[in-house]
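*Asks:* have a look at this prediction, sequence included:
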Amino acid sequence: MKYFIANWKANKNLNEAVQWIDKFLTLPLRSDSAKVVVCPPYPLIFPLKEKIKNTKNIYLGVQDISSFEFGSYTGEVSAKTLQGLVEYVIIGHSERRKYFNENTQTLFKKTQLAKTYGIEPILCIRDEKDAIPDRVQIVAYEPVYAIGTGNNESVKKVLEMKQKLNLPIPYSFIYGGSVNKDNASSYLDSSEIDGFLVGGTSLDPTEFFKIIKLG
Ligand code: PGA
């Protein structure tokens, strides 16, 4: 079973999200080999949830959560609020580290809160120097120079990174950075790589599906 995680980032409005999912649901997804996780901006979660309620193997995730549990934190979206709405949360994406100054301590708190509220963290790391909190079961290796540039990292280098991480518990190791239908098979051929975090290519349901079909 491979993960195919769509990270829409700050893209799409309500109409575009509905069009995306309506199209995606017409495509013949094989539920035994792919676990699809769609991570839209927060306001689009609920309309997508309604659309997928009778489908198998399509899950929802968010791209971040608050490091506060709940309370007087204007503008924050907490794990408590998200409980029951999403199954996954991306934590520590390099864009959050860069533009929102997220540090290790914040990311550890977010991971802990996600776990407390039954939301599975997808922890992004840029390299082996980024700390991985205990209990994380999905690690996404996303080298910064590969994100949105068309310069995907070679499978060899991705596997070398996995070796360096040397994580003690069973975990899923996924790759992200300029994944598309032309380069996806080489990673999928490796039993050591458990799927993808896909940005740009996931914005088009047909292109995203072309990657999934290779799995
Ligand atoms: P990309 O983004 O597929 O557009 O390179 C990946 C990511 O940032 O998660």
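*Replies:* Happy to help now that I have it. Numbers count the residues shown, from 1 in each chain.

*Asks:* what about the residue of the chain found nearest the ligand, neighbour count?
*Replies:* Nearest to the ligand, among the residues of the chain, is Gly199, at 2.3 Å (C-beta to the nearest ligand atom). C-betas here are computed from N, CA, C, even on glycine. Counted by other C-beta atoms under 10 Å, the residues lying close to Gly199 total 23.

*Asks:* start the count at 56, not 1, going forward
*Replies:* Okay, using 56 as the starting number, the last item reads as Gly254.

*Asks:* residue contacts, it?
*Replies:* By C-beta atoms under 8 Å, 6 or more residues apart in numbering, the contact list for Gly254 reads Asn62, Lys64, Ile202, Gly203, Gly231.

*Asks:* go on, Pro198?
*Replies:* Residues counted as contacts of Pro198 (C-beta under 8 Å, 6+ apart) are Arg181, Asp182, Glu208, Lys212, Gly232.

*Asks:* do Lys165 as well
*Replies:* Asp119, Ile120, Ser121, Ser122, Ala134, Val144, Ile146, Gly147, Pro176.

*Asks:* need the phi and psi values for it.
*Replies:* phi -60, psi -40 (degrees, to the nearest 10).

*Asks:* quick check: buried residues in stretch 81-94?
*Replies:* Residues of stretch 81-94 classed as buried: Leu84, Ala89, Lys90, Val91, Val92, Val93, Cys94 (neighbour count, 16 or more other C-beta atoms under 10 Å).

*Asks:* inside strands: which ones of those residues?
*Replies:* Ala89, Lys90, Val91, Val92, Val93, Cys94 (DSSP state E).

*Asks:* farthest pair in those?
*Replies:* Ala89 and Cys94 (15.6 Å; C-beta to C-beta).

*Asks:* which SSE is the residue of the chain most remote from its centre in?
*Replies:* Centroid-distance maximum for the chain: Ser127 at 28.0 Å, with C-alpha atoms, centre = their mean. Using DSSP states H and E, Ser127 sits within no helix or strand.

*Asks:* just to revisit the earlier point, also near the ligand: which of the contacts of Gly254, exactly?
*Replies:* Intersecting the contacts of Gly254 with the contacts of the ligand gives Asn62, Ile202, Gly203, Gly231 (criterion: C-beta under 6 Å from any ligand atom).

*Asks:* burial measure for Gly231, as a count.
*Replies:* What Gly231 shows, counting by other C-beta under 10 Å, is a neighbour count of 26.

*Asks:* next, the contact list for Asn156, please.
*Replies:* Per C-beta under 8 Å, 6+ apart, neighbours of Asn156: none.

*Asks:* quick check: it is in a helix.
*Replies:* No - using DSSP: H, G, I helix; E, B strand; the rest coil, the assignment for Asn156 is coil, not a helix.
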